[in-house]
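Visitor: Could you look at this predicted model? Sequence included:
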Amino acid sequence: MLLRSSRAALLLAATLLAGPALADPTPGVTSANPKSPGLVQPNVLVTGLAEVPVAQGATRLENPATVTVGGGATATISSYGYWANGPQVPLPAAPGVEASKTEPDKNTYLVLRGLRGADPAYDYGTHFLFQGHETGVAGRGYVTRINLDADGDHRVTLIATQERNGAPLPTFDGSTWNPFARRLLLSCENGTSGGIWQATLDVPAVVENLHGSFGRGGYEGIQVDSHGDVWVVEDVGGPNGAVNDHARQPNSFVYRFVPERAADLTSGKLQVLQVRSRRTGQPIVFHAGQADADILSGDVRDLHTYGLTFDTAWVTLHDTAVDGTASFDANALAKARGGTPFKRPENGQFRPGNGFREFFFDATGDTDLRTQAGSAFGGFGAIFRLAQASPSASTGHLSLFYLGDPVHAGFDNVGFWDENRVVFVEDAGDTLHAQRNALDSAWLFDVRVDYASPSRQPLRLLAQGRDASATIDSALGGTPGFQNEGDNEITGFHVSSGDPGASGLLGAGIPQPFRDGWRVFYTQQHGDNVTWEIVPAPGFPPDGLE
């Protein structure tokens, strides 16, 4: 939707600048896009914003590569969002055969000089967007760089397909820049095959795994604080209950890695967040073989109750100085040492301008309208606020910021829009899309608002659509041999100035979208795999959402 009058601009400005008393109705996008079989849906942004593609799945890599995928077989990576193992849309003769889509995931934006690519004679400019890719052939992943200043032939560079020792890279979910080590950090959520990797920005990049310090886990969200600590949010779905058969047991943890030296992540302590029960004063923990008891426990209900505050502590799981650098199972240690499990937390970010003392993270929940957990026990997801005296403090306080419901569900990626407003996007999945007849949305929350009142709701910033490729894929779901996802998903929502120094850490400077070099990106994952930049719409003041 485009802004067409100064009156509309003033209305939007007045609403979005409102403080804690903000109440609906707001001028956000009115409703989510419906999930209609066979129908393509356009993306709809809040009035005043537009989007332009910076890369799409079919964008050819400037340096395609062929890799071994097991058993002597090979596969070629030739495009930003597709492997070269089939047609990019199914053909009539073989309607279930389609190229494997790579699902570019979390975006990391950096402004750097002197980066080179595959063409030694080409000037790649200074503005770059990095991604790990979430799916692949035989579990193979890779890392790309979108060269935002480059022409079409040099637009996307493949920067890594393997570790420095030749081991294949896994598929990746999260990414962030570590200015202390000068490395791109990448996370993989594949359970005990997951973990954290770090990469230089060379072409090819030098990539190393950090299994000896971070262990193996279903890691997804990853952020670095001002002390050089690395915060990791894990996404490991727990078992469904026998009685509560559409609800999952809390099974994922929030971690903090405290390095011995900020520039070296190979040594230090991995810690897990522990939350104490208001009922017993004891840690809220995982109970093996008792999924139903955990799903509907009083403590889980308390965690998802507005107005309650919980004492927290960080518990050390592994210390390289004591335990060495052999790989270990972080999730298993977290359970054994009394870490507090959540219902699939996926991402988190520090509130800007707050000295890294407030960390907001989400939990996706069950992504199923039939969940017996309902809203009260986190079945539709939640957003939590962790407050500490400093990022390295050993204790803190946890509280519920927002409780999900069928309309606002399945929270995943997060990005602060400015000092007080944060965007959480949905990853509800095809099942919940169909159940509620609504595709995903991106929601703008004000951290000063008390959302306990049903009259106060976030603003829908984006109603995600569904492109033609995802519409076809959704229809092919369940077809034997079909390997791709269905509906589009919002991922990699990212607001950054691109500053590669410590002052550019997410949470250090106060974001100012569209001013002073601050830019906004997200990827419309699945389908055409388009990565977008959000910009002011024509006719809208260049200062953005004022």
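Guide: Good, I have the coordinates. This is a predicted model, so every value here is computed, not measured.
Visitor: distance from the centroid: which residue in the chain tops it?
Guide: Most distant from the centre of the chain: Ala93, at 37.0 Å, with distances by C-alpha atoms, centre = their mean.
Visitor: tell me the contacts of that residue?
Guide: By C-beta atoms under 8 Å, 6 or more residues apart in numbering, Ala93 lies in contact with nothing. Using the backbone N, CA and C atoms, a C-beta is placed for each residue, glycine as well.
Visitor: confidence score at His7?
Guide: Careful, residue 7 is Arg and not His. The predicted local distance difference test score for Arg7 is 35.
Visitor: Confirm Ile146 sits in a strand?
Guide: Yes - in this structure, Ile146 lies within a strand as judged by DSSP: H, G, I helix; E, B strand; the rest coil.
Visitor: What sits closest to it if chain neighbours are left out?
Guide: Excluding its sequence neighbours, the residue lying closest to Ile146 (C-beta to C-beta, 6 or more residues apart in numbering) is Leu129, at 4.2 Å.
Visitor: Is it correct that that neighbour is in contact with Arg145?
Guide: Yes - here Leu129 lies in contact with Arg145, judged by C-beta atoms under 8 Å, at a distance of 7.1 Å.
Visitor: Need the phi and psi values for Gly429.
Guide: Taking degrees, to the nearest 10, you get phi 80, psi 160 for the backbone angles of Gly429.
Visitor: In contact with the nearest residue to it once chain neighbours are set aside: list those residues for me.
Guide: The shortest distance from Gly429 to any residue other than its chain neighbours is 4.7 Å, reached at Thr367 (C-beta to C-beta, 6+ apart). Thr367 makes contacts with 409-410, 427-429, 431-432, as judged by C-beta under 8 Å, 6+ apart.
Visitor: nearest to Thr479, of those residues?
Guide: Within the contacts of Thr367, proximity to Thr479 (C-beta to C-beta) peaks at Thr431, which comes in at 16.6 Å.
Visitor: still on that earlier bit, tell me the most packed of the contacts of Thr367, by neighbour count.
Guide: Within the contacts of Thr367, most neighbours by other C-beta atoms under 10 Å means Ala428, with 33 neighbours.
Visitor: What residues does that residue make contact with?
Guide: The contact partners of Ala428, taken as C-beta under 8 Å, 6+ apart, are 367, 409-410, 436, 438-440.
Visitor: and which of these is nearest to Ala382?
Guide: Relative to Ala382, the closest of these is Ala409; by C-beta to C-beta it sits at 10.0 Å.
Visitor: re earlier: and the residue nearest to Gly429, that's in a helix?
Guide: No - Thr367: not assigned to a helix; according to three-state DSSP it is coil.
Visitor: where does it land on pLDDT?
Guide: The predicted structure scores Thr367 at 97 on the pLDDT scale.
Visitor: And it, how far from Tyr402?
Guide: 17 Å (C-beta to C-beta, to the nearest Å).
Visitor: do the same with Gly139
Guide: Applying C-beta to C-beta, the value for Gly139 to Tyr402 is 35 Å.
Visitor: Neighbour count for those two, which is higher?
Guide: Here Gly139 and Tyr402 are set side by side on neighbour count (other C-beta under 10 Å), and the busier one is Tyr402, at 26 against 15.
Visitor: Now do the contacts for that one.
Guide: In this structure, Tyr402 makes contact with 382-383, 408, 424, 445, 451, 458, judged by C-beta under 8 Å, 6+ apart.
Visitor: ranges for the helices of the stretch 351-500 of the chain?
Guide: Under the criterion DSSP state H, counting those that start in this stretch, helices of the stretch 351-500 of the chain are mapped to 429-436, 468-476.
Visitor: Now do the longest one: distance to the chain's middle.
Guide: This means helix 468-476. Helix 468-476 has its C-alpha centroid displaced from the chain centroid by 23 Å (C-alpha atoms, centre = their mean, to the nearest Å).
Visitor: repeat for the shortest one
Guide: On the basis of C-alpha atoms, centre = their mean, helix 429-436 sits 20 Å off its chain's mean C-alpha point.
Visitor: ok, residues contacting that helix?
Guide: Contacting residues not belonging to helix 429-436 are listed as 35, 367-370, 406-407, 409-410, 428, 439-440, 474, 477, 485-487 [C-beta under 8 Å, 6+ apart].
Visitor: the inter-axis angle of that helix versus helix 468-476?
Guide: Orientation check (axes from the mean of the first three to the mean of the last three C-alpha atoms, to 10 degrees): helix 429-436 against helix 468-476 gives 80 degrees.
Visitor: Only C-alpha atoms, please: export helix 429-436 in CSV.
Guide: Listed in CSV are the C-alpha atoms of helix 429-436, where the atom choice follows Å, rounded to 0.1, in the frame of the first residue of the first chain:
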residue,chain,number,x,y,z
GLY,A,429,3.8,-23.4,8.7
ASP,A,430,1.4,-24.9,6.2
THR,A,431,-0.7,-26.8,8.7
LEU,A,432,-1.6,-23.7,10.8
HIS,A,433,-1.9,-21.6,7.6
ALA,A,434,-4.6,-24.0,6.4
GLN,A,435,-6.3,-24.2,9.9
ARG,A,436,-6.7,-20.5,10.3
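Visitor: and the closest residue to Gln271 other than its chain neighbours, how far is that from Asn43?
Guide: By the measure of C-beta to C-beta, 6+ apart, the closest residue to Gln271 outside its immediate chain neighbours is Trp314, 4.2 Å from it. Taking C-beta to C-beta as the criterion, Trp314 is separated from Asn43 by 40 Å.
Visitor: Check the average confidence over stretch 136-155, would you?
Guide: If you average the pLDDT over stretch 136-155, you get 96.
Visitor: Distance from it to the middle of the chain?
Guide: Between the centre of stretch 136-155 and the centre of its chain there are 19 Å (C-alpha atoms, centre = their mean).
Visitor: Next: stretch 246-257.
Guide: Centre-to-centre, stretch 246-257 and its host chain are 15 Å apart (C-alpha atoms, centre = their mean).
Visitor: try stretch 149-168
Guide: Averaging C-alpha positions (C-alpha atoms, centre = their mean) puts stretch 149-168 21 Å from its chain's average.
Visitor: Same question for stretch 190-198.
Guide: On C-alpha atoms, centre = their mean, the centre of stretch 190-198 falls 15 Å from the chain's centre.
Visitor: first vs last residue of it, how far apart are they?
Guide: Terminal residues of stretch 190-198 are spaced 17 Å apart (C-alpha to C-alpha, to the nearest Å).
Visitor: Can you give me the buried ones in that stretch?
Guide: Residues of stretch 190-198 classed as buried: 190-192, 194-198 (neighbour count, 16 or more other C-beta atoms under 10 Å).
Visitor: And the contacts of it?
Guide: 139, 163, 169-172, 178, 181, 183-188, 207-211, 214-219, 222, 230, 232, 236, 265, 329, 331.
Visitor: Would you check that Ala263 makes contact with Val224?
Guide: No - the pair Ala263 and Val224 fails to qualify as a contact (C-beta under 8 Å) at a distance of 11.6 Å.
Visitor: In three-state terms, label Phe128 for me.
Guide: For Phe128, the secondary structure call by three-state DSSP comes out as strand.
Visitor: List the contacts of it.
Guide: By C-beta under 8 Å, 6+ apart, the neighbours of Phe128 are 109-112, 115, 145-148, 201.
Visitor: so which of the residues you listed comes closest to Gly241?
Guide: Of all the contacts of Phe128, the one sitting nearest Gly241 is Tyr109; the distance, using C-beta to C-beta, is 41.3 Å.
Visitor: Report the spatially nearest residue to that closest one, omitting neighbours in sequence.
Guide: Using C-beta to C-beta, 6+ apart, the nearest residue to Tyr109 is Ser496, at 4.3 Å.
Visitor: right, and the one you found touches Gly507 too?
Guide: No - between Ser496 and Gly507 there is no contact under C-beta under 8 Å: 10.9 Å.
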